[in-house]
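[1] no sequence for this one, just the structure:
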Ligand SMILES: Nc1ncnc2c1ncn2[C@@H]1O[C@H](COP(=O)(O)OP(=O)(O)OP(=O)(O)O)[C@@H](O)[C@H]1O
Ligand SMILES: [Mg+2]
């Protein structure tokens, strides 16, 4: 029986036999605005506040001050978790776009996978982190030219996180309509894939999620509605999407 890591995301853990399998890397894929950043961060926030597990968040697309501000809408005091070292954010965004960063942890430029992993290792050594999020793998993929190279680099990333003893989520951008990931390879480099949808039904959009793949585990094969509420993401495991 595999050890499980509770996400604590309402409705999620019961869909996959009690949580994510420990020390494995998962892909969280969805079109823009589906809630990937929110859900991935909620996994770290719950780890820090409910399960005594430190988390590392690598932010490639949004600057950390914006992330803290956006997530404060859910009543989450991210800065307090950083102060007590149950959460660390690596700013991998500012240097990429060439602006200064006041952050404690800043990724180097030009992007170097080894340097990013070294920083994750250093933070883990200092804090004993058990969870990690890379937001997003798509952004990292753009640093490499061809799909074969992207596939190898993302496999290196996901496998290294597993060897380090981090249960991790890589977010991934899905291109509208096609339901394909940006580079078409991301799904193959992780142990499981969670899909987020925001589909149009007449004049409204309906949010739903699916555990698309989970190696080594039983899991729900259905599509379940979810909401983004004032307290974060809530999945409705017993309701159907019409
Ligand atoms: N307090 C809130 N209450 C309800 N919904 C919210 C709240 N805060 C954010 N949202 C919803 O969450 C969405 C953004 O979520 P998030 O940033 O996690 O998406 P994403 O999938 O990471 O997007 P991107 O691909 O652009 O990075 C917003 O578009 C909004 O619909
Ligand atoms: Mg995002």
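    Cool, got the structure. From a predicted model like this one, the values you see are computed outputs, not experimental measurements. Ligands and ions are numbered 1, 2, ... in the order given.
[2] Name the SS class of the closest residue to ligand 2 within the chain, please.
    Here the residue of the chain nearest ligand 2 is residue 37; by Cβ to the ion that distance is 3.3 Å. Every residue, glycine included, has its C-beta placed from N, CA and C. Recorded secondary structure, residue 37: helix (DSSP: H, G, I helix; E, B strand; the rest coil).
[3] Could you measure from it over to residue 215?
    Note on residue 37: its distance to residue 215, by Cβ to Cβ, to the nearest Å, is 25 Å.
[4] got the buried residues for the lowest-mean-pLDDT helix or strand in the chain?
    Counting by mean pLDDT, DSSP states H and E, the chain has its least confident helix or strand at helix 94-97, which shows a mean of 89. Within helix 94-97, the residues that count as buried by 16 or more other Cβ atoms under 10 Å are 94, 95, 96.
[5] ok, residues contacting the next helix or strand after that helix?
    Reading on from helix 94-97 to the C-terminus, the next helix or strand found by DSSP states H and E is strand 105-106. With contact meaning Cβ atoms under 8 Å, 6 or more residues apart in numbering, strand 105-106 is reached by 88, 89, 90, 91, 92, 94, 95, 119, 123.
[6] how far is the very next helix or strand once past strand 105-106 from where the chain is centred?
    Downstream of strand 105-106, the first helix or strand assigned by DSSP H and E is helix 113-127. How far helix 113-127 lies from its chain's middle: 17 Å, per Cα atoms, centre = their mean, to the nearest Å.
[7] which strands and helices sit next to the helix or strand following helix 113-127?
    Reading on from helix 113-127 to the C-terminus, the next helix or strand found by DSSP H and E is strand 131-135. For strand 131-135, the packing partners by 3 or more Cβ pairs under 8 Å, 6 or more residues apart in numbering; DSSP states H and E come out as helix 36-50, strand 55-59, strand 167-175.
[8] So which of these is the most surrounded?
    strand 55-59 (a mean of 27; mean count of other Cβ atoms under 10 Å).
[9] next structured bit after it?
    Per DSSP H and E, the first helix or strand lying C-terminal to strand 55-59 is helix 64-72.
[10] Now that following helix: buried residues?
    Under 16+ other Cβ under 10 Å, the buried positions of helix 64-72 are 64, 67, 68, 71.
[11] Could you check the angle that helix makes with strand 131-135?
    Put simply, helix 64-72 runs at 110 degrees to strand 131-135, going by axes from the mean of the first three to the mean of the last three Cα atoms, to 10 degrees.
[12] residues in contact with the next helix or strand after helix 64-72?
    Following helix 64-72 in sequence order, the next helix or strand is helix 78-83 (DSSP H and E). Outside of helix 78-83, the residues within contact range by Cβ under 8 Å, 6+ apart are 45, 48, 49, 67, 68, 71, 72, 87, 88, 89, 104.
[13] Name the nearest of the residues you listed relative to residue 184.
    Lowest distance from residue 184 to these (Cβ to Cβ) belongs to residue 67, with 28.0 Å.
[14] Quick check, pLDDT for that closest one.
    Note on residue 67: pLDDT of 98.
[15] quick one: it and residue 87 touch, right?
    No - using Cβ atoms under 8 Å, residue 67 is not in contact with residue 87, being 10.9 Å away.
[16] which residues do these two both contact?
    In contact with both residue 67 and residue 87: 57, 78, using Cβ under 8 Å, 6+ apart.
[17] Quick one: name the residues of this protein near ligand 2.
    Within the chain, the positions lying close to ligand 2 (Cβ under 5 Å from the ion) are 36, 37.
[18] Can you pull the residues of the chain lying near ligand 1?
    Proximity of the chain to ligand 1 (Cβ under 6 Å from any ligand atom) is limited to residues 30, 32, 33, 34, 35, 36, 37, 38, 61, 73, 228, 230.
[19] That concludes my questions; thank you for your assistance.
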